[in-house]
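Participant: generate coordinates for the sequence data below:
(chains A, B and C)
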Amino acid sequence: MHNRLLPTLLIITLLAMVAGFTYVHWSKSGPGAGLYSRDWLPDPVQGYWDPNNFYRSSDSVQGVFEGKQCVQCHEEITPGIVADWRASRHAQGDEKVFCNDCHGGDHQRLHLPTPEVCGSCHNKQQNESEDEARYGFPSHILAMERAVDAPHFADKPKAEVQSCVQCHSVATKCDSCHTRHRFDAAESRRPEACITCHSGPPHPDDTTYFASAHGQIYLAEGKDWDWSKPLTKGNYKAPTCAYCHMDAGRHQVAHKSMWKFGLREINPHTSNNQILRRRWIELCSDCHAEKEAAQWLGELDRERKQAWSMLYMAEAVLKNLRSDQLLQPSAAERPPYPMGSLWPMERIGFYEGQASAFYNVSGIERDYFEMWYFDNLGAYKSAAHGDSAGVKEGHQKMATSLEHIQTKAHKLRQRAATEQETEITPAAPSIWNSGAYTDYNREHN
Amino acid sequence: MHNRLLPTLLIITLLAMVAGFTYVHWSKSGPGAGLYSRDWLPDPVQGYWDPNNFYRSSDSVQGVFEGKQCVQCHEEITPGIVADWRASRHAQGDEKVFCNDCHGGDHQRLHLPTPEVCGSCHNKQQNESEDEARYGFPSHILAMERAVDAPHFADKPKAEVQSCVQCHSVATKCDSCHTRHRFDAAESRRPEACITCHSGPPHPDDTTYFASAHGQIYLAEGKDWDWSKPLTKGNYKAPTCAYCHMDAGRHQVAHKSMWKFGLREINPHTSNNQILRRRWIELCSDCHAEKEAAQWLGELDRERKQAWSMLYMAEAVLKNLRSDQLLQPSAAERPPYPMGSLWPMERIGFYEGQASAFYNVSGIERDYFEMWYFDNLGAYKSAAHGDSAGVKEGHQKMATSLEHIQTKAHKLRQRAATEQETEITPAAPSIWNSGAYTDYNREHN
Amino acid sequence: MHNRLLPTLLIITLLAMVAGFTYVHWSKSGPGAGLYSRDWLPDPVQGYWDPNNFYRSSDSVQGVFEGKQCVQCHEEITPGIVADWRASRHAQGDEKVFCNDCHGGDHQRLHLPTPEVCGSCHNKQQNESEDEARYGFPSHILAMERAVDAPHFADKPKAEVQSCVQCHSVATKCDSCHTRHRFDAAESRRPEACITCHSGPPHPDDTTYFASAHGQIYLAEGKDWDWSKPLTKGNYKAPTCAYCHMDAGRHQVAHKSMWKFGLREINPHTSNNQILRRRWIELCSDCHAEKEAAQWLGELDRERKQAWSMLYMAEAVLKNLRSDQLLQPSAAERPPYPMGSLWPMERIGFYEGQASAFYNVSGIERDYFEMWYFDNLGAYKSAAHGDSAGVKEGHQKMATSLEHIQTKAHKLRQRAATEQETEITPAAPSIWNSGAYTDYNREHN
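Facilitator: Numbers count the residues shown, from 1 in each chain, chains lettered A, B, ... in the order given. Alright, predicted model coming up:
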C-alpha cells in the first residue's frame, strides 16, 4: 500500500504544478498584467505607472531624432523640462546623456525609462534596489507585482486602483523619487522625495516625521543645509527619511526594517532582529549615545506590545461573534469581496482579512479594520519617528475603536437575547443585495 | 375665457414682481446687508470683511493728512506696515502711492480700500475679477453676496458666520490674496496666498496640492525659484495654484473651471466642457505630453463617476426612508432650519439640502451631508490635484459613510417592523425641542 | 461643650496634616517620582525626560576630562553635535562654555543639564520661566509635576505615559525649545521650536497658526527674515508663536494667558482679565489698529460662548442620564479608572472628569470627552490663532457630537421605556469585565 502512495502523490503534485503554471500562463494572457490580467482593462494612464507593459508612444510626430534635435524642438514646446535637463549632470561635460539615450530616438516608438534603462549606467543603485526583494513585502521593488497579483486589483473601482498604482509604480520606474529631468541626488535626499507616497492614513510618515524634533529641525533649518553632501555622519544637523532608511545612499531600504510596517506583531528579539537592532543603534549613534538609542527602541517595543494587546482584544470580540453567528450582515448575506473567493467568509485580522476587509463588510468588521490599518499604523509610525502626540492620538483612537467594537458586540448579543426571549425575529429587509463594491466594478474594470 | 386668462396672469405677475422688489427693498433696509439684512446685526469686525457696508473709522485722531505725514507718524506707531509699504512698488519712483491715496486723508473718515479703489489703477485685474460672475457660484466675486443672501446667514451662530465671511470677503477687498502693505505680485504667485482660505475639510486644496508630486517639488525647491517671473511656460519647475488656475496672471479663475467644486455631478463632455478640457490640456502641455494630460483628465472623470455612484446610492436610501416616514426626528419633530423655511421638510441632497443640512437634522441626514460635503469633496480635490492617497482616503470614507447609512436605515426599518409586530411603540421622549441651532441664534444675531 | 470642640478639632487637624505629610513622604519613597512614586517603575528613557531624578550616566568610558579632550574625542564619535557646538555662542571668544561645564567631567557621572545648570548663566530666563508657576496649570514649569502627581500616571499604559512625559519634560530641561548643541536664540524664535509639542488634537497650535494669514506669510517668506533680531515691533512682517506669547523674549508665557487653553469657560471681563486683554491689544497694535485688535478679541469671546453653550447642552444630557441610572456600563459595571479612586463614579465634565475620562467609560461619556477635549479645543485654538476654517470645523464637529450624544441618550431612554412596558430585560452579557485600561497596566508599570 505504502509503496503506491508515494508515487501517486508525486504524480498528483506534478500534475498540480503543471496545472498551476498553465493557469498562471493563461491568466497572464489577458489585456491587464499579473495573475488577474484577464479580469481588467488597463486605463491609458497605466502606461505611466507600468511603462514596460502599457506605455504607448504618441503617433503625432514622425522621424528618428538625435539628442540635439530633441532639445532644439522641445526648448520651444516644453522649455521647463529642457531647463531641468540642462541643470542636471546628464547635460554636463562632453559625454552628455541626451533625451534619446533614455527614451529612444524614433518618435513613434518612444519609451519611458524603466529601472533597467537607468540601471545601465547606475548599476549599483539598481542592484541594491532589486536586493530588497529578498526581504519580502512591504518592499519597493515588489510593490507593483504585489498590487496586480491581488484579486481586489480586478474588483476595486478603477479610481482607487489608479491611486494605488500611482505609488506602487516605484517598482517600475525611478522618477518616483528622482523627479524628471533634473534627477538631482540632492533633491532625493530630502524628505519631500519620499512623502509624495509615504503619507496618508495607513503610513503617515510625513506628518509623524515632521512632528518629531528631527522633523522640526529640518523644517526650520533644512533650507540652509548642503544637500550635495552624502548621507553620512556629521553632514546633517538632523536626520531625514533617507539619512536613516537609506544611510550612505544605499538603495535598499529593507536593510534595517524590523517591524513590518506595523502590520503584524513581530518578536523584536529574534536573533535576526537583534542584528537589525544593532544596525539601528549604530546609525542613531551618529548623534546620540548608544544607550539612548537602545532605550528608544525599547520604548517602541512597549508601544507595539500595548497596541497589539488592544488589537487582539478586538479581534477576539469579533471572532467570538463569528462563532456565534452574530455578525450582520454575514458573509452569506453580502456580495463576496474579493470576487475570486471560493466561498464567502467573514475575514477578520491580518491573515484572513488584510486589504480586502475594506469593502462589503459589516460595520463591526470595518471598525476593526480601521483600528488595525489606520489607528494602529498611525501609532506605530508615530512611535518609530518620535511623534509623541501621534502615539497618544493613535492609542486614544484604538481605545475608542475598541469601545465601539465592544459596544456593538454587546448590542448584537443583547438583541439576540431579546429575540430568543420574545420569540420575535423582525423580518430584516436585506441591506446588502447591492453595494459600492460589487460585480459592478469587475464589469467595468 | 382664454381671452381673459392672459391679461389676468400678466397683471398677477406684474403685481408679484412689484411685491418682490418691495420685499427685497424692505429687506435691505435692516442693519445687516443682503436679503436678510433685517434679521442680523453686524459684528464690529464685519467692517474688515465688508468695508463698503460696515467699516467705521476710528475717532481717536483728528485732522486731514498728506501721505508723508501719515508715514512719519506711523513709522513710530506701526513700523512693520510702513516697512512693507517702503518695500512695495507703491513707494518707488517719483509718483508714489501714499497711504491717503487708498485710505483717504481725513483720519476720522478713513476707509479700507475696496476692489474699486484698487481697480482705479489696476483696471485689468478688477475687470477680470468681475468677469468671473458670469460663471455663477462658486466664484470669488460672488462669494460675499452669496453668503449674506442665504437664510442661514441670519440663523447660524455668529462665531461660525464670522469664520465664513472671513474668506468670503475675497469679493469685497483685494488683500485676501495680496497681503498688505507690500502687495507683491511675487507673493501672490505662491500657494500660500491662496490657502489661507483654500483649506479645511470641504476644500482641502492645500493638503491635496502639497501631497502631489507638484506640491512636493514646490516644498523642496520653491524657495529658490524666481517668483518675480510671470506664470508662463518655462518659468517654474512645478506648477502652483496660480500657475494653473490663474495662468499668465489672469484674475478670472473660472476660465477653466469645469467640475463645480465637486458639489454636483456634471457631464464633462458637453460641448462647452470640451472647450474647458482643451484649455486644461493646453496648459498641462507646458510640461507634459498632451496625451498624458488628456489621460489624467480621463482619470478624474472616472473618479467622479465612482464617487457619484456611491453618493446616489446613499441618497436613494435616505429618500426611501423619507417616503416611508422613517426619518427620526422628522422635520416636524425638530426646530426648522433655516428659520425662513415656509414649511418643515427633510432636505436631502444638493438641490434640497446644501449647506443648510449642517444643522438640526437627524443623524442619518448628517451622515449623508458629511459624505457629500467632506468625504466626496476631499476625494475630488485629491483627484484633481494629484494626491493619490487622498483619493483612496476619500473613497474609503465614502464607503464607510455609505455603510453607516445603510446600517442605520436597516435598524430604523427593523425597529419599525418590530413595533408593528409587537404593537408596542415606546413613548419616545422628544430629543429635539431645543438644539444648538434654534431660535436662540436668530435672537442673538 | 463649645470649649472642648475647638481644641479637639485642632488636634484632629494637626494629626491629619502629619498623616498627610507622612503619606506624601511615604509615597515619594518609591522607585518613581511624585505622589504615586510607589506605583510605577521608571523606564530607562525616563532619564532623558526627568534627568534630575532618573538620568544614569553610561559606564563605558572611565576618566575625568577637560572640555578640549571631550571635543577632541567626540569630533570623531559624534561630529554633528560638535559642529553644532562650534557654531554656537558657547564656542566663541576666549571664555568658551565647554562640554564639561554643563555635563560634568567625570565620564561615569555625566549628567544632563537641568534648568538650574543653564540658569547658572541664563539667570533672567530661568527666573522668568519659574515665575509661570504663579499662574497655575496649564504651565510649562509645572508640566512635569502635574503629570506625575496624577493618579492615571500610574494607571496608563507606559507607551502613552512616555509620550506624555516627552513634552511635559519642558519643565525639567531647556532643550525642548533650544535644540542641542547650537542653542541658537534665532532658532527658538521660530514656530518650529514650539510645535514639536504644541500639535496634535487637543492643542493644534501648529495647524491653526499655519492656516492663519499670519502663518501663511511666515510659510511663504519667513525663510528670508532676519531671525537674529529680537521679537519686538517692526522686526517681523508677521508674528510667530514667540512673538505674541513670549514678546521681547520673555520666558514667561502665562503673562497674557486668559482662556485657560479652552479647557474651562472663563469670564473674559473680570478686572484681572481686563488687564490681560489690554496686554493683548497693546501687542496686536504693533501692526493693527487697536480697535481692530479689540474687535478680534470680541469675536473670540463670541466663539467661546457658542462653544460652551453646546458643551453645557451635552453635559446636561449626560448628567440627566446619570441621575436616571441609564449610563451603560455604569461606573459599578466597569473597572475603575483611575485605580486610585475611592469609589466608582461616572465622571462627567471638567471638574469631575478631565483627562481620566479617556478610559474605561461608556460610549456616550467618551463622546462628550472627545467633544470637549478635541472638537472644542480645536475650535478654540482656531479662533485664537485666526484659522477660520478650523472654527467652522470645530463647531461642526461639536454639533455632530452633540447630535450623537442626544441620539444615544434617546435610544437608551427608548430602550428603558420598552423594557418597562414589556417587562422584558434581556440578560445583558457583561462587556467590561476587562478592558484596555485595567489593572493590567498598573501591574506592568
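Participant: residues near the residue of the stretch 101-250 of chain A found nearest chain C, how many?
Facilitator: Shortest the stretch 101-250 of chain A-to-chain C distance, computed as CB to the nearest CB: residue-wise this is A:Gly234, at 3.2 Å. For every residue, glycine as well, the C-beta is placed using N, CA and C. Neighbours of A:Gly234 under the rule other CB atoms under 10 Å in any protein chain shown: 16.
Participant: where do the strands sit along the stretch 151-300 of chain A?
Facilitator: Ranges of strands in the stretch 151-300 of chain A, per DSSP state E, counting those that start in this stretch: none exist.
Participant: A:Gly80: what's it in contact with?
Facilitator: B:233-237, B:286-287 (CB atoms under 8 Å, 6 or more residues apart in numbering or on different chains).
Participant: B:Met246 versus that one, what's the distance?
Facilitator: With distances taken as CB to CB, to the nearest Å, A:Gly80 is found 18 Å from B:Met246.
Participant: can you check A:Asp39 too?
Facilitator: Relative to B:Met246, A:Asp39 is positioned 43 Å away (CB to CB).
Participant: then A:Gln396?
Facilitator: Distance, A:Gln396 to B:Met246, using CB to CB: 42 Å.
Participant: just A:Thr172 next, same as before
Facilitator: Taking CB to CB, one finds A:Thr172 at 35 Å from B:Met246.
Participant: same check, this time on A:Ser212
Facilitator: Note on A:Ser212: its distance to B:Met246, by CB to CB, is 36 Å.
Participant: count of residues packed around the residue lying closest to A:Asp226 once chain neighbours are set aside?
Facilitator: Spatial nearest neighbour of A:Asp226, chain neighbours left out: A:Asn235 (7.6 Å); criterion: CB to CB, 6 or more residues apart in numbering or on different chains. A count of neighbours around A:Asn235, defined by other CB under 10 Å, yields 18.
Participant: got it, and A:Glu76?
Facilitator: For A:Glu76, using other CB under 10 Å, the count is 10.
Participant: just the element for it, please.
Facilitator: Here A:Glu76 sits within helix A:67-77, counting by DSSP states H and E.
Participant: how about that helix: buried residues?
Facilitator: Residues of helix A:67-77 classed as buried by neighbour count (16 or more other CB atoms under 10 Å in any protein chain shown): A:67, A:69-71.
Participant: quick check: phi and psi at the residue of the stretch 101-250 of chain A found nearest chain B.
Facilitator: Nearest residue of the stretch 101-250 of chain A to chain B, counting by CB to the nearest CB: A:Gly200, 2.9 Å away. With angles defined as degrees, to the nearest 10, A:Gly200 sits at phi 90, psi 160.
Participant: which residues touch it?
Facilitator: B:211, B:389-390, B:392-393.
Participant: let's see that with 10 Å instead.
Facilitator: Contact analysis of A:Gly200 by CB atoms under 10 Å, 6 or more residues apart in numbering or on different chains lists A:163, A:167, A:206-207, A:374, B:211, B:382, B:387-393, B:396.
Participant: thought A:Ile195 was touching A:Pro204?
Facilitator: Yes. At 9.5 Å, A:Ile195 and A:Pro204 qualify as touching, with contact defined as CB atoms under 10 Å.
Participant: which residues do those two both contact?
Facilitator: Contacts common to A:Ile195 and A:Pro204, judged by CB under 10 Å, 6+ apart, are A:210, B:389.
Participant: state the distance from A:Glu292 to C:Gln46.
Facilitator: On the measure of CB to CB, A:Glu292 and C:Gln46 end up 12 Å apart.
Participant: more neighbours: which of these two?
Facilitator: When neighbours are counted by other CB under 10 Å, A:Glu292 and C:Gln46 differ, and C:Gln46 comes out ahead with 24 against 18.
Participant: apart from its neighbours in sequence, what residue is nearest whichever residue of the stretch 251-400 of chain A sits closest to chain C?
Facilitator: Here the stretch 251-400 of chain A gets closest to chain C at one residue, A:Ala389, 2.9 Å apart by CB to the nearest CB. Distance criterion CB to CB, 6+ apart; nearest residue to A:Ala389, sequence neighbours excluded, is C:Gly200 at 2.9 Å.
Participant: which residues of the stretch 1-150 of chain A score low on pLDDT?
Facilitator: For the stretch 1-150 of chain A, the stretches flagged by pLDDT under 70 are A:1-2, A:23-28.
Participant: swap in 80 and give it another go.
Facilitator: Residues of the stretch 1-150 of chain A meeting the criterion pLDDT under 80: A:1-3, A:19-29, A:59.
Participant: number of nearby residues for A:Gly136?
Facilitator: Neighbourhood size, A:Gly136 [other CB under 10 Å]: 12.
Participant: doesn't A:Arg264 make contact with it?
Facilitator: No. Using CB under 10 Å, A:Gly136 is not in contact with A:Arg264, being 11.5 Å away.
Participant: enumerate the residues of the stretch 251-400 of chain A near chain B.
Facilitator: A:328-329, A:358-367, A:369-370, A:373-374 (CB under 10 Å from any CB of the partner chain).
Participant: which of the residues you listed fall within strands?
Facilitator: The members of these all map outside strands under DSSP state E.
Participant: ok, so of the residues you listed, who is nearest A:Arg277?
Facilitator: Within those, the smallest distance to A:Arg277 is 26.0 Å, found for A:Tyr373 (CB to CB).
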